[in-house]
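K.L.:
build me a structure from this.
(chains A, B, C and D)
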2 protein chains.
Amino acid sequence: MQHIVTSADVAREAGVSRSTVSRCLSGDRRISDATRKRVQETANQLGYQINKIARSMNTRKSDLIGLVTSGLSDPFRVEFLDKLIFAIQQSGYRPLVIDVSDPAQMGTSMMHLLQYQVAGVVVTSGSPPPEVGVHFLKRNVPVVLVNRAGRLDGADVINCDNVRGGELAADLLLGTGKTRFGFLNVKGGTFSGNVRGETFVSRLAPGLANGDISFTPLVCDSADYDGGFNAAVKFLAQPETAPNAIFCAKDHIALGLLDAARFELGLRVPEDIAVVGFDDIAAARQGAYQLTTVRQSATKLAEMTVDRLRQRIRGDNLADQRLILSVEMARRRTV
Amino acid sequence: MQHIVTSADVAREAGVSRSTVSRCLSGDRRISDATRKRVQETANQLGYQINKIARSMNTRKSDLIGLVTSGLSDPFRVEFLDKLIFAIQQSGYRPLVIDVSDPAQMGTSMMHLLQYQVAGVVVTSGSPPPEVGVHFLKRNVPVVLVNRAGRLDGADVINCDNVRGGELAADLLLGTGKTRFGFLNVKGGTFSGNVRGETFVSRLAPGLANGDISFTPLVCDSADYDGGFNAAVKFLAQPETAPNAIFCAKDHIALGLLDAARFELGLRVPEDIAVVGFDDIAAARQGAYQLTTVRQSATKLAEMTVDRLRQRIRGDNLADQRLILSVEMARRRTV
DNA sequence: TTGTATGCGTTATCAA
DNA sequence: TTGATAACGCATACAA
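P.N.:
Take a look at the predicted model:
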């Protein structure tokens, strides 16, 4: 077991004090060019790596940012995390991922992040119990909730424009002339999904009132491809009466629905059934699907998240914010 | 700004010493039940969270495990990371993700992990320069390379059985009676892809020798859906002479190829063209694709990785190992 | 511009 | 079974 190179080793080798080494490597101005150069050379030569754990002892903050998620099975969330991880690194931070499969453990999981002195936390899944808010507030650790219901005291909330999305979907489907509307969401619903569905329905209100159209709420067991597929096989069993203008709470569900409609029921899209999704995941653009969907930009969402995080870490703008990312309709072949 | 609760606070409140608090909360045996109970109660009451950063100062190890990857755009890698993150947490560790977009920065990125005193590292992308090996060896930090070329001294290597995979693909395609074979891989190739392709070709050797069949190496610009799609549009332009029994280095490429064949060229699968992929990603099972492919289990790969990591962290079995995950053919509708 | 002394919160060592 | 004390590696206030 070899000795690990510390700043003291570099100091001795370069003939300076530990403080000087520290200053050189943290980019402190007040150091002579000669000294800086010499120290940096010795550091490289010895293979010195700063010990961020030790540094955090003083500063009481690490450059870790907690990412609370639950699995990587949801395609849009993966795209978001991808951009988020990139943006976090660009800002000089490092992502510490916490996978919360059991929503009940959300609170304890977030408390674990405190043990690492994280500089901030991004929650992309599950709604943290309000009582954890005070612990984060007390330590000035900013929390950003993304596409989540925001009941957390002291946390910022960033959502895409679910309301506008529901409207866009309704308007587009109304324009098809189809009359049997449906909204497909996971059993129990999610915060985002519920808002999308409610807005969708309220936009249909006039037509529903005068009996021009009908609406059926549709439910699947899981918020993914299989959920959409299995649900569709059932509710499309009698295509003559089944909904034929369907808005899905998210693309992943819509893909399952599409495959069920085409390959299990033999329906033509969009002639027999029109489908609108939400998210615009990569697969929606693929030739096999060409899904018409409400687009939210994972990249912008990630940038907004990191921007907001950095503001709060700097101590700016400390009042809780609620930010909305605009959405747009991506028109393809399923409507 | 409030004061943050430390072990000293708990000690004072409970009327014991810091050492006792430390022992109680780290599950040290030699402490009386009464004291343990009292300390734990005061800790909860005060909302005390252990500072793992400070703990790492002494132990010189954190319970962080570095995950080196490059983006989350590759579906199989995402599935693997999903299982890996889960397995890491199950073992009481935390994943610290490093996204290496530029392969040239691989070395420095891995060195950064050392700054956090990681207990181990998993490399899923890019091949680390051999010289970083010594720094990890010196600190007894285990490195596991997954589905990568292993040129790193002191690192373990875990691969799926690329050789067997290539054979399975060749045998299956030979059975179709088709005669114009192709292997589609990204320009320049990857370690895994190259092995798969080479085995595939060598399995075709007899047929090639007596002129029964032909083989064409096919290349795409990126190892993803778009790469496969764009390449296929070109090389399938004259379907009468183009390869009609194609093995793809990975499923994601195969999906692009399939969509190009069906929707751009109007080909029937598998009548006009047979396709075999590699990985068995979730999308391969979807109705729109039903891709026949060589399956490797992301779950098993993750378990093997964490098992090996834990062995080395414990100090067992210190000789470099090379593990192989078996593969199998998942027969669907594209052959 | 540089060096000295001190403290961050924990665990390990030694003593009681 | 418990407590006092010394590290761990770094940053910073203060002194020079």
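K.L.:
isn't there a helix covering residue A:310?
P.N.:
Yes. Read with DSSP: H, G, I helix; E, B strand; the rest coil, residue A:310 is one of the residues of a helix.
K.L.:
secondary structure element holding residue A:96?
P.N.:
Residue A:96 is part of strand A:94-99 when elements are defined by DSSP states H and E.
K.L.:
from the contact counts, what lies against that strand?
P.N.:
Using 3 or more Cβ pairs under 8 Å, 6 or more residues apart in numbering or on different chains; DSSP states H and E as the contact criterion, the elements in contact with strand A:94-99 are strand A:64-69, helix A:75-90, helix A:106-115, helix B:75-90, strand B:94-99. C-beta here means a position set from N, CA and C on the backbone, and glycine is covered the same way.
K.L.:
all strands for chain A, in order.
P.N.:
For chain A, the strands defined by DSSP state E occupy A:64-69, A:94-99, A:120-123, A:143-146, A:156-160, A:180-186, A:214-220, A:245-248, A:274-279, A:292-295, A:322-325, A:328-330.
K.L.:
what's across from the closest residue to residue A:208 other than its chain neighbours in the sheet?
P.N.:
The spatial neighbour of residue A:208 that comes closest, neighbours along the chain excluded (Cβ to Cβ, 6 or more residues apart in numbering or on different chains), is residue A:215 at 5.9 Å. Listed by DSSP bridges, the beta-bridge partners for residue A:215 are residue A:181.
K.L.:
so what's residue A:215 up against?
P.N.:
A:181, A:182, A:183, A:201, A:204, A:208 (Cβ atoms under 8 Å, 6 or more residues apart in numbering or on different chains).
K.L.:
correct me if wrong: the fifth one contacts residue A:171.
P.N.:
No. Counting by Cβ atoms under 8 Å, residue A:204 does not reach residue A:171; the two are 9.9 Å apart.
K.L.:
who's more crowded, these two?
P.N.:
Of the pair residue A:204 and residue A:171, residue A:204 is the one with more neighbours under other Cβ atoms under 10 Å in any protein chain shown, namely 23 against 13.
K.L.:
next one: the more buried one from DNA strand D, what distance?
P.N.:
The spacing between residue A:204 and DNA strand D, counted by Cβ to the nearest atom of the strand, to the nearest Å, is 58 Å.
K.L.:
now do residue A:186
P.N.:
When Cβ to the nearest atom of the strand is applied, the distance between residue A:186 and DNA strand D equals 47 Å.
K.L.:
residue A:144 too?
P.N.:
Taking Cβ to the nearest atom of the strand as the criterion, residue A:144 is separated from DNA strand D by 25 Å.
K.L.:
can you check residue A:163 too?
P.N.:
Computed with Cβ to the nearest atom of the strand, the distance linking residue A:163 and DNA strand D is 45 Å.
K.L.:
then residue A:274?
P.N.:
Residue A:274 sits 59 Å away from DNA strand D, going by Cβ to the nearest atom of the strand.
K.L.:
ok, that residue touching residue A:178?
P.N.:
Yes. In this structure, residue A:274 is within contact of residue A:178 by Cβ under 8 Å, at 5.8 Å.
K.L.:
hey, what's in contact with both of these two?
P.N.:
In terms of Cβ under 8 Å, 6+ apart, residue A:274 and residue A:178 are both contacted by the residues A:244, A:245.
K.L.:
quick one on the thing from earlier: make a PyMOL selection of whichever of the contacts of residue A:215 turn out to be buried.
P.N.:
To isolate the buried members of the contacts of residue A:215 in PyMOL, using 16 or more other Cβ atoms under 10 Å in any protein chain shown:
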select buried, chain A and resi 181+182+183+201+204
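K.L.:
which one of the contacts of residue A:215 is nearest to DNA strand C?
P.N.:
When these are compared for distance to DNA strand C (Cβ to the nearest atom of the strand), residue A:183 wins out at 49.5 Å.
K.L.:
was I right to think the closest one contacts residue A:201?
P.N.:
Yes. A contact is recorded between residue A:183 and residue A:201 when judged using Cβ under 8 Å, the distance being 6.8 Å.
K.L.:
got the residues of chain A near DNA strand D?
P.N.:
For chain A, the residues found near DNA strand D under the criterion Cβ under 7 Å from any atom of the strand are A:4, A:6-8, A:18-19, A:22-23, A:25-26, A:48, A:50-51, A:54-55, A:57-59.
K.L.:
and whatever residue of the stretch 201-335 of chain A ends up closest to DNA strand C, how many neighbours?
P.N.:
Minimum separation of the stretch 201-335 of chain A from DNA strand C (Cβ to the nearest atom of the strand) falls at residue A:313, amounting to 18.6 Å. When neighbours are defined as other Cβ under 10 Å, residue A:313 has 18 of them.
K.L.:
and for residue A:203?
P.N.:
Here the number of neighbours of residue A:203 (other Cβ under 10 Å) works out to 19.
K.L.:
residue A:166 now?
P.N.:
If we define neighbours as other Cβ under 10 Å, then residue A:166 has 26 of them.
K.L.:
ok, residue A:100 to DNA strand C distance?
P.N.:
Between residue A:100 and DNA strand C the distance, using Cβ to the nearest atom of the strand, works out to 24 Å.
K.L.:
hey, what's residue A:96 bridged with?
P.N.:
Residue A:96 has the following beta-bridge partners by DSSP bridges: residue A:66, residue B:96.
K.L.:
list the contacts of it.
P.N.:
Contacts of residue A:96 were listed using Cβ under 8 Å, 6+ apart, and they are A:64, A:65, A:66, A:67, A:113, A:116, A:118, B:64, B:94, B:95, B:96, B:97.
K.L.:
list the residues that contact the closest residue to residue A:222 other than its chain neighbours.
P.N.:
Closest residue to residue A:222 apart from its sequence neighbours, by Cβ to Cβ, 6+ apart: residue A:186 at 6.4 Å. With contact taken as Cβ under 8 Å, 6+ apart, residue A:186 is in contact with A:193, A:219, A:220, A:221, A:222, A:223, A:227, A:249, A:253.
K.L.:
correct me if wrong: residue A:57 contacts residue B:52.
P.N.:
No. Under the criterion of Cβ under 8 Å, residue A:57 makes no contact with residue B:52, lying 11.5 Å away.
K.L.:
more crowded one of the two?
P.N.:
Looking at residue A:57 and residue B:52 with other Cβ under 10 Å, you find the greater number of neighbours at residue B:52, namely 21 against 16.
K.L.:
if we can go back for a sec, only the buried subset of the contacts of residue A:96, as a PyMOL command please.
P.N.:
Listed next is the PyMOL selection for buried residues among the contacts of residue A:96, using 16+ other Cβ under 10 Å:
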select buried, (chain A and resi 64+65+66+67+113+116+118) or (chain B and resi 64+94+95+96+97)
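K.L.:
output the contacts of residue A:96 as JSON lines; include the columns distance to residue B:154 and pLDDT.
P.N.:
Formatted as JSON lines, the contacts of residue A:96 follow (distance: Cβ to Cβ, whole Å; pLDDT from 0 to 100):
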{"residue": "A:64", "distance to residue B:154": "27", "pLDDT": "97"}
{"residue": "A:65", "distance to residue B:154": "30", "pLDDT": "98"}
{"residue": "A:66", "distance to residue B:154": "31", "pLDDT": "97"}
{"residue": "A:67", "distance to residue B:154": "30", "pLDDT": "97"}
{"residue": "A:113", "distance to residue B:154": "31", "pLDDT": "95"}
{"residue": "A:116", "distance to residue B:154": "27", "pLDDT": "95"}
{"residue": "A:118", "distance to residue B:154": "31", "pLDDT": "96"}
{"residue": "B:64", "distance to residue B:154": "19", "pLDDT": "97"}
{"residue": "B:94", "distance to residue B:154": "23", "pLDDT": "97"}
{"residue": "B:95", "distance to residue B:154": "21", "pLDDT": "97"}
{"residue": "B:96", "distance to residue B:154": "20", "pLDDT": "97"}
{"residue": "B:97", "distance to residue B:154": "22", "pLDDT": "97"}
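K.L.:
from the contacts of residue A:96, pick the one nearest DNA strand C.
P.N.:
The nearest one, if we look at the contacts of residue A:96 relative to DNA strand C and count by Cβ to the nearest atom of the strand, is residue A:116, at 12.1 Å.
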